[in-house]
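Participant: this one's sequence-less:
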Ligand SMILES: Cc1cc2nc3c(=O)[nH]c(=O)nc-3n(C[C@H](O)[C@H](O)[C@H](O)COP(=O)(O)OP(=O)(O)OC[C@H]3O[C@@H](n4cnc5c(N)ncnc54)[C@H](O)[C@@H]3O)c2cc1C
């Protein structure tokens, strides 16, 4: 097997947790290589531009009450690109009418875990969408990020670890941070013989489809109120929630246009057609959308079970007996973007401390 690189710490996964971990390592003066299986860094953070619209495939913001993203953005020189929510408040679709929801309840109903007062403070984002923070991290990490470099196995080496990559090459490292979805971390830790990590493979990830729909403003029968709606569990239909993206943050649609984003359960039917049919009737929309764009997340947000924290703690206890290695990300310490940044940076501190 050809060993193509010798580095100090290998971060596996270039989602926000892995990139934040790598940035923490760089700041501590540790050489780092980020290994990402996809061709694009960012993980579930994906922002696209189309015809003057700005479309989010994954998260569209982060908890305004959490300091982690703003602090990171300032360190990276993009603090001036943070934006606040334009609109506040959301409604619930009961199946027959829209009713006002208390501030923060919509996020809670969607499974975003945070204290009530933190949810009440709303969300923030970036002027160019959530990709701004990913692009800033990748730019500052320079050549450290390797895409299309999936890790297929980890074994001990004289130095620390040897990571096998797709295509047959390998990377040696003194330390490793796994910033992967829980099921992927479980698979890699199994190759290292860490048996408690099997429990990570049991973390349930919920499938969802996020469909963005673009309209002319004059197609909407009435003004949009608040940031969107959540459908009550008892309400019929496929749309479980809808964000009024262009009302929530500035710059999401060109003047005189509207961008909506619906969350629907996976189905074999065309998501844009399904979502438009329902939104047209709920929001009084005339005519077809200008276009739609669907992002499918077969394993999107993790939903923790009651004993999740104890399981993760057991894996960490076992990892503490090995050469420096840490786990981070949505599968471990909270699914929100801010929690992932915190988790990645904490993993970096832990590995730096153990490298001595
Ligand atoms: C549709 C959607 C909407 C959301 N909305 C919000 C929101 O509004 N606000 C909020 O705070 N949070 C939101 N979240 C949650 C949040 O975005 C995610 O939990 C968080 O971004 C996950 O980051 P991560 O780095 O832990 O994982 P990921 O982003 O999943 O990154 C993991 C990376 O590891 C890579 N990888 C996997 N296996 C390997 C391997 N073997 N070798 C190398 N690389 C590998 C993957 O390709 C991926 O790039 C949303 C999530 C989804 C899916």
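Facilitator: Looks like it came in fine. Given the structure is predicted, the values throughout are model-derived calculations rather than measurements. Numbers count the residues shown, from 1 in each chain.
Participant: phi, psi of residue 75?
Facilitator: Note on residue 75: backbone dihedrals following degrees, to the nearest 10 are phi -60, psi -30.
Participant: Just list the residues touching it, thanks.
Facilitator: Neighbouring residues of residue 75 by Cβ atoms under 8 Å, 6 or more residues apart in numbering: 23, 27. The way it works is simple: take the backbone N, C-alpha and C, and place the C-beta from them, glycine included.
Participant: how close does it sit to the ligand?
Facilitator: Using Cβ to the nearest ligand atom, to the nearest Å, one obtains 18 Å as the distance from residue 75 to the ligand.
Participant: pLDDT of stretch 177-184, averaged?
Facilitator: Summarised as a single mean, pLDDT over stretch 177-184 is 98.
Participant: where's it relative to the chain centroid, distance-wise?
Facilitator: With Cα atoms, centre = their mean, to the nearest Å as the basis, stretch 177-184 stands 13 Å off its chain's centre.
Participant: Other residues contacting that stretch?
Facilitator: The set of residues that contact stretch 177-184 without belonging to it, under Cβ under 8 Å, 6+ apart, is 9-15, 17-18, 21, 25, 185, 188-189, 200-201, 203, 205, 299, 302, 325-332, 344, 347-348, 351.
Participant: That stretch vs the ligand: in contact?
Facilitator: Yes: among the residues of stretch 177-184, 179-181, 184 lie within reach of the ligand under Cβ under 6 Å from any ligand atom.
Participant: With stretch 29-46 instead?
Facilitator: Yes: when contact is scored as Cβ under 6 Å from any ligand atom, part of stretch 29-46 falls within range of the ligand: 35-38, 43-45.
Participant: Which of those residues fall within strands?
Facilitator: Judged by DSSP state E, strands contain the following of the residues of stretch 29-46 next to the ligand: residue 35.
Participant: Can you name the residues of the stretch 251-356 of the chain that neighbour the ligand?
Facilitator: When proximity is defined as Cβ under 6 Å from any ligand atom, the stretch 251-356 of the chain approaches the ligand at 297, 300-301, 329-330, 335-337, 340.
Participant: Narrow these to those in helices?
Facilitator: Those of these mapping onto helices are 330, 337, 340, per DSSP state H.
Participant: Any residue of stretch 130-145 touching the ligand?
Facilitator: No: in this structure, stretch 130-145 remains apart from the ligand according to Cβ under 6 Å from any ligand atom; the gap is never smaller than 7.8 Å.
Participant: Can you list the neighbours in contact with that stretch?
Facilitator: Counting by Cβ under 8 Å, 6+ apart, stretch 130-145 makes contact with 14, 16, 19-20, 22-23, 26, 32-34, 36, 41-42, 45-47, 56, 58-62, 69, 72-73, 76-78, 81, 126, 337, all of which sit outside it.
Participant: Is residue 17 part of a helix or strand, or is it coil?
Facilitator: Under the three-state scheme (DSSP: H, G, I helix; E, B strand; the rest coil), the conformation of residue 17 reads as helix.
Participant: number of nearby residues for the closest residue to the ligand within the stretch 201-350 of the chain?
Facilitator: Sorted by distance to the ligand under Cβ to the nearest ligand atom, the residues of the stretch 201-350 of the chain start with residue 329, at 2.8 Å. Here the count is done by other Cβ atoms under 10 Å, and residue 329 has 30 residues near it.
Participant: Make 229 the starting number, not 1.
Facilitator: New numbering, starting at 229: the last item is residue 557.
Participant: Now the residue most central in space within the chain: phi and psi?
Facilitator: Centroid check for the chain by Cα atoms, centre = their mean gives residue 272 as the closest residue, at 4.4 Å. Recorded main-chain torsions at residue 272 are phi -80, psi 0, according to degrees, to the nearest 10.
Participant: Make sure it is actually in contact with residue 287.
Facilitator: Yes: between residue 272 and residue 287 there is a contact under Cβ atoms under 8 Å: 7.0 Å.
Participant: Let me see the confidence value for residue 333.
Facilitator: Among the per-residue scores, residue 333 holds a pLDDT of 73.
Participant: distance of it from the ligand?
Facilitator: Residue 333 sits 15 Å away from the ligand, going by Cβ to the nearest ligand atom.
Participant: Ok, residue 364 next?
Facilitator: 15 Å.
Participant: What count of nearby residues applies to that residue?
Facilitator: Neighbour tally, residue 364, other Cβ under 10 Å: 21.
Participant: And it, its phi and psi?
Facilitator: For residue 364, the backbone dihedrals (degrees, to the nearest 10) come out as phi -70, psi -40.
Participant: quick one: which of the ones in helices among the residues of the stretch 479-584 of the chain next to the ligand has the most company?
Facilitator: Comparing these on neighbour count, residue 568 comes out first with 32 neighbours (neighbours: other Cβ under 10 Å).
Participant: circling back: need the contact list for the residue of the stretch 429-578 of the chain closest to the ligand.
Facilitator: Each residue near residue 557 by Cβ under 8 Å, 6+ apart is listed here: 241, 243, 245-246, 407-409, 413, 568, 571-572.
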